[in-house]
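K.L.:
pasted the sequence and its predicted model underneath.
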Amino acid sequence: MRPIEYVAAKTVQEAVTSLAEKGDAARPLAGGTDIIVQLRGGRRQLDRLVDMKAIPELNELTYNASSGLRIGAAVPCYRVYGNAEVAGAYPGLIDAASLVGGIQIQGRGSIGGNLCNAAPSGDTIPALIAHSAVAEITGPGGSREVPVEDFCTAPGRTVIQSGEILVAIRIPAPAAHFGACYMRFIPRNEMDIAVVGVGASVVMDGNKVTACRIALASVAPTPVYAAAAGAVLAGKEATEENINAVAEVAQSAATPISDMRGTAEYRTHLIGVLTRRALQSAIQRAKGA
Amino acid sequence: MTTSDKKKYKVIGTTPIRHDGADKVTGRAVYGIDFHTTGMLWGKILRSPHAHAKIKSIDATKALALPGVHAVVTGKDMAVARDIEVEAGETSLNYMHLSDNVMARDKALYKGHAVAAVAADTQHIAEEALGLIEVDYEVLTPVLNGREGMKSDAPLIHPDQTTKIMAFRFDPGTDSGEKSNIAGKSQLKLGDIDAGFKEADFIVEREYTTSWVHQGYIEAQNATAHWNNDDNITVWNSSQGTFNQRQLMAEILKHPVSQIKMVPMEIGGGFGGKIPVYLEIPAAMLSKKTGHPVKMTMTRTEVFEGTGPASAAQMKAKVGATKDGRITAAYAELVFEAGAFPGSAVGAGAQGMFTTYNIENVLIDGYDVVVNKPKSAAYRSPGTPQACFPAEAVIDELAELVGMDPLDFRMKNAAKEGDRRADGVQHPEMGNLECMEALKASDHYKSDLGGPNRGRGVASGYWGNAGMPASCSIAINADGTVSLAEGSPDIGGSRTSIAMMCAEAFGIAAEDVHPSIKDTDSIGYQGLTAGSSTTLRNGWAVFEVTNQAIELIKARAARLWETEPENVDFADGVFFSKAEKELKLTFKEMTGKLMETGGPISVAASVAPRGAGPSFTTHMVDVEVDPETGKVEILRYTAAQDVGTMIHPDYVEGQVQGGAVQGIGWALNEEYFFSDKGAMLNASYLDYRVPTMLDLPMIDTILVEHANPDHPFGVRGVAEISVVPPLGALANAIYAAVGVRMRDLPMAPHKIVKALQEKNGKTK
Ligand SMILES: Cc1cc2nc3c(=O)[nH]c(=O)nc-3n(C[C@H](O)[C@H](O)[C@H](O)COP(=O)(O)OP(=O)(O)OC[C@H]3O[C@@H](n4cnc5c(N)ncnc54)[C@H](O)[C@@H]3O)c2cc1C
């Protein structure tokens, strides 16, 4: 590992300038639970790390029942699930945030970092998509917003251009009778990368589903928003048959590969199983709410 | 729980605080990886990216030109070691192979094989220098599977290798004369299996495979070596045997043992993997070249790729039984992948297979096959988990055919004292059946499974345990305490157990004995900390030195009491005159009088005990299988083991639990994933999945204390065997839960789903 310059930016502007100076040889640093591992393993070479944790705005977590949730890009997972109001309103995100790594990782690793790392298996990303989250980005050219489902472009790649940073993730306030769930499959019970992950959300009207979103992890080069799968259920009763139909469409939205974590065939099978289970749980939660 | 609570001893059987406890919980204990000395350089190894390749040239010019780099060594700098095979505790090894494994000479034989080493001012410079060493390889076709490697048209890994044919284990053997990747073929034979199978009403014959698995010790391999100007070499490292490693160093470096000192640092796990030398050799060579001490440590990836895991195996098992449940014959074929050099644990595996049963007709063929994978090393009961897996799975199928409870079937066929093992040797006194009976009487056995997709499995296991030499010395202090020196690296709590036996002999408290572990210049020869032998053999050494000391102290008491030594006796910690009962002094009181009766007393002794006393065990496990995802949840686990007399029951229980957990990992999720070019794809703890706390229930133990009649304190090895049964027990439990027989390890979720889909006739 070569020596690396470390810059603790105090403002968004300072961070943007510092990053822009070095182009691709600089990257933001949040909790470091991805990037430091990658640097030490020789998978990345950088000249400069620009720390996001000292920028006040990136550490803010604000929730308001009418305007929704805004998660500063450097806010670690534990602060998200540790906030009772947030936990009640965004159950799918809480499922994901509380299973990233373990206690130590959650104390440091951020949801913003998970998103910007853009792993196909990133656990919070399908949950964010299910919750209709939007990324707020600022760069040398100003600010813009990108829905999370359009944020990741390839393994490890996002819409973020050099000099840009993710400032916050915004999630709208949940509708009445909203429920969500994120589930992943791993062979062990902790410390593993999702073989398949499924995020699901529903808005219910009695036993009828008025809106449904399904997103998948570890089944394609990026997390996948399976819009067609959710559409199957919109306006329909939450019956077993209809739920099975969603699972089938979700399976066809994926392009899984075979690797040491699972065969393509097994992954496709699991998308079906987890879509059904995550949906059922989201529906239960919506009804309970 | 334990099955006996008889109070024969005062110290033995209690659980005093461990002598190394304070240092370990406060982080003060100095492990090999913590060692640091003045003027030290850092070494790093360049490893082959290819599984099989000719090394045409190595050019280190650019690396040597990098500021901060001091030296580079390659295989060309090594002397050619002797091509002879020696016994090394649990397996055998060949000096030349070991030397070629430490540093490749002409060919790289697996991905991760060391090809060069560099010493530099810092680790980072050393790492950077590795990238500047230019190696010209000619890539060859790798052999990546034992059965493939056995074929006559397979590429030859060692072009001159022929097959050694052995009629029994450790037979010097005869040479087949034919070039082959099969390094050895061994056979165990008892009775006549053809006749045995004729008698059988039911015969089950199946094939099984297991994957490469790693011991998974926490502390990575490390060594710091200093080759002094006077040619004395000192090595500080964490190993499972300083004297063994001193010998290996001497052979490979062609240096006298008298000029090599191995200093045992605290060790963070070994399980067999820290018997061979790896970094010690290049560290010493780099130190010689630079004049500085050189420290080397492995990354976890290097540990996975460059040290010795346990062999993968391809196996066949066939067992027959009569209608009334008597096993009449057993046959097995064991193909073990040795890795890049001969010497898998196939012989030990054969020795343990079917051994918990009394079977009159047994034939086991074993093949030791070289493949382009890391050279296998010992791993807790080497070879036996692999071999007992097919045995226990086939026996489970037979029990079902016969219509007997799997535990009853095992009890009916259980080997007892005097019965013959497959190698013809008669079993000594032991507690095989007692373990099975204890399990049958347990709450676990009587409990309900309580739900669908749940099942219970049992499996038994055998491990012979080892003896090996030991030395220890004691110095008696005037305050009634004893300084105890020994030389066996303490992995499982042995120093406290050894101190407890010393305390027992003298009738003092465990805390009054101060044990320490010495370097090879400061104590007599010790065998390996392996083969579950350390407590057993050091118990003998302690027995020897304490008896000698007691005789010496009796003579001092005799002088005090103006009588002859034979008139003085010692019992329950008290010296007394046989004639005048009021003349008595405790051990502690006597130690205060040594100076006035002739001066201090210290005693040293070396022993080479036999009669290790074999281990027997049976495990029972309840699982729940998620039929949709194939995930296996372990609900309840009980291990019943004959542990001989327990010196420190907590340590014994810890050994039994730890082995069971390693076996659970082996069964369910641990495996080396190799690419089709022989590269390990999961060389980190992220994707090499050892069980975590959340994957395990409490491992309950039933500790059957069947004292070893051949040991002064009744000790039997306890530390290895519990890794053996989980493989079969879990396969049997999964079958009981969801009706599929898993014959290929690990029984990963995707395989279980596939098996269930095939069973249910679904393809989707
Ligand atoms: C032991 C262990 C277990 C893990 N388990 C899981 C798991 O179960 N599930 C899972 O999904 N992940 C897991 N991870 C990965 C990692 O912890 C998560 O992805 C975490 O959320 C990353 O957050 P971070 O703040 O540490 O990101 P960092 O490592 O700081 O950054 C990650 C990436 O995002 C970029 N980045 C960070 N902040 C910004 C910003 N504001 N703007 C633009 N780019 C930015 C960085 O440059 C980097 O490329 C695990 C990691 C470890 C070490």
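P.N.:
Happy to help now that I have it.
K.L.:
got the contact list for the nearest residue to B:R105 once chain neighbours are set aside?
P.N.:
Nearest residue to B:R105 in three dimensions, chain neighbours excluded: B:G75, at 3.8 Å (CB to CB, 6 or more residues apart in numbering or on different chains). Every C-beta, even on glycine, is put in place using the N, C-alpha and C of the backbone. Neighbouring residues of B:G75 by CB atoms under 8 Å, 6 or more residues apart in numbering or on different chains: B:55, B:100, B:103-106, B:115.
K.L.:
swap in 6 Å and give it another go.
P.N.:
B:103-105 (CB atoms under 6 Å, 6 or more residues apart in numbering or on different chains).
K.L.:
where's it relative to the ligand, distance?
P.N.:
Distance of B:G75 to the ligand, computed by CB to the nearest ligand atom, to the nearest Å: 36 Å.
K.L.:
hang on, the earlier thing: from the contacts of B:G75, keep the buried residues only.
P.N.:
Burial by neighbour count, 16 or more other CB atoms under 10 Å in any protein chain shown: within these this picks out B:103-104.
K.L.:
out of the contacts of B:G75, which comes closest to B:A605?
P.N.:
Distance to B:A605, by CB to CB, is smallest for B:M103 among the contacts of B:G75, at 38.8 Å.
K.L.:
what stretches of chain A score poorly on pLDDT?
P.N.:
Along chain A, segments meeting pLDDT under 70 span A:1, A:289.
K.L.:
could you rerun that using 90?
P.N.:
Within chain A, the stretches with pLDDT under 90 are A:1-3, A:40-43, A:190-191, A:259-262, A:288-289.
K.L.:
show me it divided up by domain.
P.N.:
A:5-51, A:56-171, A:178-288 (automatic domain parsing).
K.L.:
least confident of the contacts of B:G75?
P.N.:
Least confident of those in the model: B:R105, at 94.
K.L.:
now it: phi and psi?
P.N.:
Note on B:R105: its backbone torsions stand at phi -100, psi -70 [degrees, to the nearest 10].
K.L.:
part of a helix, is B:A660?
P.N.:
Yes. B:A660: assigned to a helix according to DSSP: H, G, I helix; E, B strand; the rest coil.
K.L.:
hmm, B:M436 and B:M411 touching each other?
P.N.:
Yes. Between B:M411 and B:M436 there is a contact under CB atoms under 6 Å: 4.8 Å.
K.L.:
those two: who's more crowded?
P.N.:
Between B:M411 and B:M436, counted using other CB atoms under 10 Å in any protein chain shown, B:M436 has the larger neighbour count: 25 against 20.
K.L.:
contacts only, for that one.
P.N.:
Shown in contact with B:M436 (CB under 6 Å, 6+ apart): B:410-411, B:618.
K.L.:
and with 8 Å instead?
P.N.:
Neighbour list for B:M436: B:407, B:410-411, B:414, B:460, B:618, B:640 [criterion: CB under 8 Å, 6+ apart].
K.L.:
ok so, going back, distance of the residue nearest to B:R105 from B:A108?
P.N.:
In this view, B:G75 and B:A108 are 10 Å apart by CB to CB, to the nearest Å.
K.L.:
tell me, how many residues neighbour A:G82?
P.N.:
Neighbours of A:G82 using other CB under 10 Å come to 15.
K.L.:
with the one 3 residues further on instead?
P.N.:
A:E85 sits with 11 neighbouring residues when counted by other CB under 10 Å.
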